[in-house]
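Novice: okay, here's the prediction I keep looking at, along with the sequence it came from:
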Amino acid sequence: MITAGKLASARRFDAAALQGEVVHILLDLTYAGRVFRLARQELFVTSTATGTQYQYVGDLADEIEWEEVIDLFNASSDSVSVPVSFTLPVDVPALVQGGHDLLSATGELSLWIEGTSYESRRVLLRGRLSSPSYGYPDEPITASIESEFAEDRSVIPPLSHVITDETWPLAVDGALGRSYPLPFGSGPGGVHQSLAYLVDPTVGAEVLLVASGLCVAGDVRVVVPGSIATETVQHSVDALGQVVSIIDMTGTALVFTSDDTFGIIWNQGEGGMASREGASLSGAGDALEVFLGLSTVPVDFGRVAAAKPYLNQFKIAGCILEGVTPFEWVTSNLSPILPMSLVNGPDGLYPIPWRYTATAADAVAHINADIDPELQLDGVVQVDGGIRDIVNRFKLRYALRPTEGEMYKFVTLGGDDDASGAADSLYCRQSQARYGVRSEDAETSVVHDPATAALILSWWARARALPTRVVSYVVPHSWGWLERGNVALLTDSNLAFSGQLSLLESMTYREDGTLRLQFRLIDDVARAFRSA
């Protein structure tokens, strides 16, 4: 059994642990300074760590259905909530009148295999009560337990990292009010551009503010209209003692005036911000880890680290010039270009990669309705979306020049001869044969690498050029070891499935001992075309 998370609770049961066992849902509710332990029936659960036996009373009034779901094509991440109804052995109206607000109550929902220890439970959700309602003392409380995912209260660069008369008394007028730049990453050949501001115009000893905090790079090129020079980045502090990166222009051959706009070219294969390992922050997975770490949103860093190798094949670079929350920056800049979904777990936010190039060798399970009578089709096969969602000719503008505010490169992907310069895609070609040409023009300010730009269009074509199908099956809870994002094979002769490649998109836990599994079918047009 795999164990992880707070209090060493099990993150995921394995198949052997579930086989033939009875599974219960537990609710640990903390309210008015007490912990109330609730279940659908009276249970006794022993902690091996403390030797304590916990009694769970059967005061959960309704069955609980818990759904884990991913939205593959949604850039945002929403909080998760589960409706609950229960009674408590206390006078709730009196407690509320006395100042014990129900919104301050927190709950933990978990799955527990009968006969195992308290530490072996699998936590599903931790959060606060939302929209609670109550009546007389002996009547049920109804509410939802909502994940502790909340709005990000952090800002990058920090609000105090602004050029003012207080932070930089000598700064030129054109620099006042500007946030300290926050550059990151590297582009093709280690080149991308950010901005710098003149914070000390003393002739012969000018100082440029390059970045908020410490930079990885040593030498950079400083660009002004008509001239360029290589300079060394130094670490310093502003008048408030805040750490910054600057360039001391003493002795430079660069000719400039106080009105110039300064561009910084990171030409040594290194950008500004550092990854957690101390290298240049250029891999998208490393960037996701760093920026989520700067937020106030709870983050499951173990799962982030597990996804990093897959996401780091996408190389990013750019510069944050105005204050933004780290979470908003991630969902606006990384989520749209990466094949992943951000989801909430009991230990915080984490990414689930969409392995769009998966093959049968990547499958961790085979759902075979032809030979297993316990597997039942739930509903029908659903085609997701309509023709308005189809895109089969893509154009992506990238490589932002901050000094000009324009993208100076683009890449296209299509499947027709009329798309001048477009790379060919079998998915786009098949889509255009069915639905005609359907174009989309997009842009990203955090990509400078041509290979990454092409990689983005490749997975966009797999996701949007052709419609996808979803299908659901009801299975025994012994399949509860599966996780969202797992690759599986489906066999169901009634639906003409024979080892059909699919991605597990959602799991719904039911107290009747069953699970509802929803799969998104992965149709590999290229493989089918070659086979034909």
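Specialist: Perfect, thanks for sending it.

Novice: quick one: contacts for Tyr435?
Specialist: 387, 390, 392 (CB atoms under 8 Å, 6 or more residues apart in numbering). C-beta: built from backbone N, CA, C; applies to glycine.

Novice: what is the burial count for the second one?
Specialist: Neighbouring residues of Ile390 were enumerated by other CB atoms under 10 Å; the total is 18.

Novice: excluding its backbone neighbours, what's nearest Asp362?
Specialist: Of all residues beyond its chain neighbours, the one nearest Asp362 is Val487 (4.5 Å), with distances taken as CB to CB, 6 or more residues apart in numbering.

Novice: isn't the one you found right next to Ala358, touching?
Specialist: Yes: with contact defined as CB atoms under 8 Å, Val487 reaches Ala358; the gap is 4.6 Å.

Novice: which residues do the two both contact?
Specialist: With CB under 8 Å, 6+ apart as the test, Val487 and Ala358 both reach 501, 503, 522.

Novice: any regions of the stretch 51-200 of the chain where pLDDT drops low?
Specialist: Scanning the stretch 51-200 of the chain for pLDDT under 70 picks out the ranges 66, 69-79, 148-150, 186-192.

Novice: switch to 90 and redo it
Specialist: Along the stretch 51-200 of the chain, the model assigns pLDDT under 90 to residues 58-83, 109-111, 113, 122-128, 138, 145-153, 173-174, 185-195.

Novice: any chance you could map the strands in it?
Specialist: Remark: strands assigned in the stretch 51-200 of the chain by DSSP state E, counting those that start in this stretch are 53-56, 66-69, 81-86, 106-113, 122-133, 141-147, 182-185, 193-200.

Novice: neighbouring strands - and their directions - for the fourth one?
Specialist: Each strand pairing with strand 106-113, determined using DSSP bridges, is listed with its direction: strand 23-31 (antiparallel), strand 122-133 (antiparallel).

Novice: would you turn those into TSV with distance to Val155 and mean neighbour count?
Specialist: What follows is these, written out as TSV (distance: least, CB to CB, whole Å; neighbours: other CB atoms under 10 Å):
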stretch	distance to Val155	mean neighbour count
strand 23-31	31	20
strand 122-133	24	20
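
Novice: quick one: closest of the ones you listed to Asp449.
Specialist: strand 122-133 (38.5 Å; CB to CB).

Novice: hang on, the earlier thing: got a list of what the residue nearest to Asp362 touches?
Specialist: Counting by CB under 8 Å, 6+ apart, Val487 touches 355, 358, 362-364, 501-504, 522.

Novice: can you pull the contacts of the residue nearest to Leu18 when sequence neighbours are not counted?
Specialist: Closest residue to Leu18 apart from its sequence neighbours, by CB to CB, 6+ apart: Ser478 at 4.3 Å. Residues in contact with Ser478 (CB under 8 Å, 6+ apart) are 15, 18-21.

Novice: would you turn the strands paired with strand 106-113 into CSV with distance to Val299?
Specialist: Converted to CSV, the strands paired with strand 106-113 look like this (distance: least, CB to CB, whole Å):
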stretch, distance to Val299
strand 23-31, 22
strand 122-133, 14
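
Novice: show me the one of those that comes nearest Leu182.
Specialist: Nearest to Leu182 among the strands paired with strand 106-113 is strand 122-133; the distance by CB to CB comes to 31.4 Å.

Novice: next, the angle from that closest one to strand 81-86.
Specialist: Relative orientation of strand 122-133 versus strand 81-86 (axes from the mean of the first three to the mean of the last three CA atoms, to 10 degrees): 70 degrees.

Novice: re earlier: tell me the phi and psi of the residue nearest to Asp362?
Specialist: Main-chain torsions, Val487, degrees, to the nearest 10: phi -90, psi 130.

Novice: among the shared contacts of Val487 and Ala358, which ones are in strands?
Specialist: Judged by DSSP state E, the subset of these located in strands is 501, 503.

Novice: could you dump the shared contacts of Val487 and Ala358 to a markdown table with distance to Leu240 and pLDDT?
Specialist: Putting the shared contacts of Val487 and Ala358 into a markdown table (distance: CB to CB, whole Å; pLDDT from 0 to 100) gives the following:
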| residue | distance to Leu240 | pLDDT |
| --- | --- | --- |
| Leu501 | 57 | 94 |
| Leu503 | 50 | 93 |
| Ile522 | 53 | 85 |
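
Novice: which one of the shared contacts of Val487 and Ala358 has the most neighbours?
Specialist: Greatest neighbour count in the shared contacts of Val487 and Ala358, by other CB under 10 Å, goes to Leu503: 23 neighbours.

Novice: beta partners for it?
Specialist: Val487, Arg520.

Novice: try Arg122
Specialist: Ala10, Leu111.

Novice: could you measure from it over to Thr514?
Specialist: To Thr514, Arg122 is 17 Å away according to CB to CB, to the nearest Å.

Novice: ok, Ile352 next?
Specialist: From Ile352 to Thr514 the distance is 23 Å (CB to CB).

Novice: select the longest helix from the protein.
Specialist: In the chain, assigned by DSSP state H, the helix with the most residues is helix 450-464.

Novice: what's that helix packed up against?
Specialist: If you count contacts as 3 or more CB pairs under 8 Å, 6 or more residues apart in numbering; DSSP states H and E, helix 450-464 packs onto strand 393-401, strand 406-414, helix 426-435.

Novice: can you pull the contacts of Phe314?
Specialist: 283-285, 337-338, 447, 452, 455-456.

Novice: ok, the spatially most central residue of the chain to Ala461 distance?
Specialist: When CA atoms, centre = their mean is applied to the chain, the residue found nearest the centroid is Leu342 (3.0 Å). As judged by CB to CB, Leu342 and Ala461 stand 22 Å apart.

Novice: do the same with Gly480
Specialist: Distance from Gly480 to Ala461, by CB to CB: 34 Å.

Novice: how about Arg303?
Specialist: 27 Å.

Novice: from Val290, how far off is the residue nearest to Asp362?
Specialist: According to CB to CB, Val487 stands 28 Å off from Val290.

Novice: same thing with Gly414?
Specialist: In terms of CB to CB, Gly414 sits 35 Å off from Val290.

Novice: tell me which of those two has more neighbours.
Specialist: Legend: neighbour count by other CB under 10 Å for Gly414 and Val290, higher for Gly414 (26 against 18).

Novice: so where's the stretch 301-450 of the chain shaky on pLDDT?
Specialist: If you take pLDDT under 90 as the line, the stretch 301-450 of the chain has these spans: 317-318, 321-323, 343-349, 354-359, 384-388, 399-408, 414-427, 430, 448-449.

Novice: what about the helices in it?
Specialist: For the stretch 301-450 of the chain, the helices defined by DSSP state H, counting those that start in this stretch cover 301-311, 326-329, 426-435, 450-464.

Novice: got a markdown table for these, with distance to Tyr509 too?
Specialist: What follows is the helices of the stretch 301-450 of the chain, written out as a markdown table (distance: least, CB to CB, whole Å):
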| stretch | distance to Tyr509 |
| --- | --- |
| helix 301-311 | 20 |
| helix 326-329 | 28 |
| helix 426-435 | 35 |
| helix 450-464 | 28 |
